[in-house]
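Engineer: Sharing a model that was predicted from the sequence below.
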Protein chains: 2
Amino acid sequence: MAKDRKIDMVILGLLSHEDMTGYDIKKRIDNHLRFFWKGSFGSIYPALAEMEKEDLIRKTIPKRQPAVKAGEVAFGSGRERIVYKITATGREALSTWLTDTKASNDLRYETLLKIFFGGAADRETAIANISVFEEQVRSDLMLLKIYRSDLEKHLDNDDHLYFYLTVSFGIDTYEAYLRWCKNAKEKLAG
Amino acid sequence: MAKDRKIDMVILGLLSHEDMTGYDIKKRIDNHLRFFWKGSFGSIYPALAEMEKEDLIRKTIPKRQPAVKAGEVAFGSGRERIVYKITATGREALSTWLTDTKASNDLRYETLLKIFFGGAADRETAIANISVFEEQVRSDLMLLKIYRSDLEKHLDNDDHLYFYLTVSFGIDTYEAYLRWCKNAKEKLAG
DNA sequence: ATCAGCATGTAAGGCGTTACATGATTCA
DNA sequence: TGAATCATGTAACGCCTTACATGCTGAT
């Protein structure tokens, strides 16, 4: 019943690369992970607070003086920034999670639900539902391909390789989705 | 904030075909929808109770006498069965939902999270995580192919067609997953 | 002057899971 | 006799989303 919360691992994973604020973490999830994970401020900030109590992460000591470098609190510029860093305990927890091969892979597509129950409406309705899905996939796919072309140049770098792999996963599945959409629409129109 | 609960539509969709008990609904979800939706008893039974209050569904009148046919409460045999049927209001709600093209398609793959953060462990760990995923996909794919070969015989029947389309979706994406797994493992090993 | 972006957090509530409680029938 | 399947439900709790509250900086 306890501790099934994956957002902790997302935070730990991100902080294992560099120190970040909650806001940074949110942006990173939205930009890099959004094809297979989500996270809202309402889940990130409370997780950050609890994880600090568990000594998985720690606030960096804010520097008082002028220089406003990354990882420091900028006094007198913008709202307060709280930059977190991962602790040794946190790295251990991340490693333990990575080594444990059990994983919950959950897919819930309302579009498929609407197709499955398509018989309760006419075929045009089903086709319309597929088309909306198709457009969303098409636009996400474009984005993913932009990412990939950037990443392909740096496959020697391990960090880029792992990102490249998840982007490739997205591209491969989205391309399969598009083929299915075309096919399904033909079957429904014919 | 209110009424985002999709289980209602699953129930309505299933009852639009035939009267069922909560237990039947659970089994149907596990067998036919599990590749893109899930539902537990703890979500089904409370939904059933609320939906009856909203007049979306109704309990069928139990027959007292001997004959124990489908859709009737069997007295003296097994535990009580409560068979639900969809109402006119329920059919309307189902139709409204189907016609509304907005849909939340949500994918959360912990495996991809572990790949993305793969840099925090060694490459063998990443390969192991992919392999576990691969085996799960492989076994689900086999099942889907069995379904498809049955369904292909009845594509003239509309109900079978819609089921066929969702099964095809599963097959297409799972095959794409397997290609990705092979490729990713090669990239990580090389 | 106003809007977008940066930045942190809380509150309310919805949705869902797991585990528990209960019990009959059928089959090995 | 015991396990599996049928069958309904509740309780506790966890996790997440949305909306709200607040406020600075910089660009147009």
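Structural biologist: Done, it's in.
Engineer: only C-alpha atoms for contact and neighbour calcs from this point on.
Structural biologist: OK.
Engineer: what's the longest strand in chain A?
Structural biologist: Of all segments of type strand in chain A, defined using DSSP state E, the longest is strand A:105-109.
Engineer: Following the chain past that strand, name the next helix or strand.
Structural biologist: Towards the C-terminus, the helix or strand next in line after strand A:105-109, according to DSSP states H and E, is helix A:110-116.
Engineer: Name the residues of the helix or strand just after that following helix that are buried.
Structural biologist: On the C-terminal side of helix A:110-116, the closest following helix or strand by DSSP H and E is helix A:123-151. For helix A:123-151, a neighbour-count test (16 or more other C-alpha atoms under 10 Å in any protein chain shown) marks A:123, A:125-131, A:133-134, A:137-138, A:141, A:144, A:147-148, A:151 as buried.
Engineer: Could you check what's spatially nearest to A:S40, not counting adjacent residues?
Structural biologist: Nearest in space to A:S40, with sequence neighbours left out and distances taken as C-alpha to C-alpha, 6 or more residues apart in numbering or on different chains, is A:K26 at 6.9 Å.
Engineer: In contact with the residue nearest the centre of chain A: list those residues for me.
Structural biologist: Central residue check for chain A by C-alpha atoms, centre = their mean: the C-alpha nearest the mean position is that of A:L33, 2.0 Å away. By C-alpha atoms under 8 Å, 6 or more residues apart in numbering or on different chains, A:L33 lies in contact with B:L113.
Engineer: now it: how far from A:R81?
Structural biologist: For A:L33, the distance to A:R81 equals 23 Å [C-alpha to C-alpha, to the nearest Å].
Engineer: quick one: A:H160 and A:S149 touch, right?
Structural biologist: No. If you go by C-alpha atoms under 8 Å, A:H160 and A:S149 don't touch, sitting 11.7 Å apart.
Engineer: Run the angle between the top helix by length along chain A and helix B:158-189 for me.
Structural biologist: Selection of the longest helix in chain A by residue count, based on DSSP state H, yields helix A:158-189. For helix A:158-189 against helix B:158-189, the angle by axes from the mean of the first three to the mean of the last three C-alpha atoms, to 10 degrees is 160 degrees.
Engineer: List the buried residues of helix A:158-189.
Structural biologist: Those buried within helix A:158-189 under the rule 16+ other C-alpha under 10 Å are A:159-178, A:180-181, A:184-185, A:188.
Engineer: Domain ranges for chain A, per the record?
Structural biologist: Chain A is divided into the following domains under automatic domain parsing: A:7-99, A:110-189.
Engineer: Quote the end-to-end distance of the longest one.
Structural biologist: The straight-line separation of the ends of domain A:7-99 (C-alpha to C-alpha) is 17 Å.
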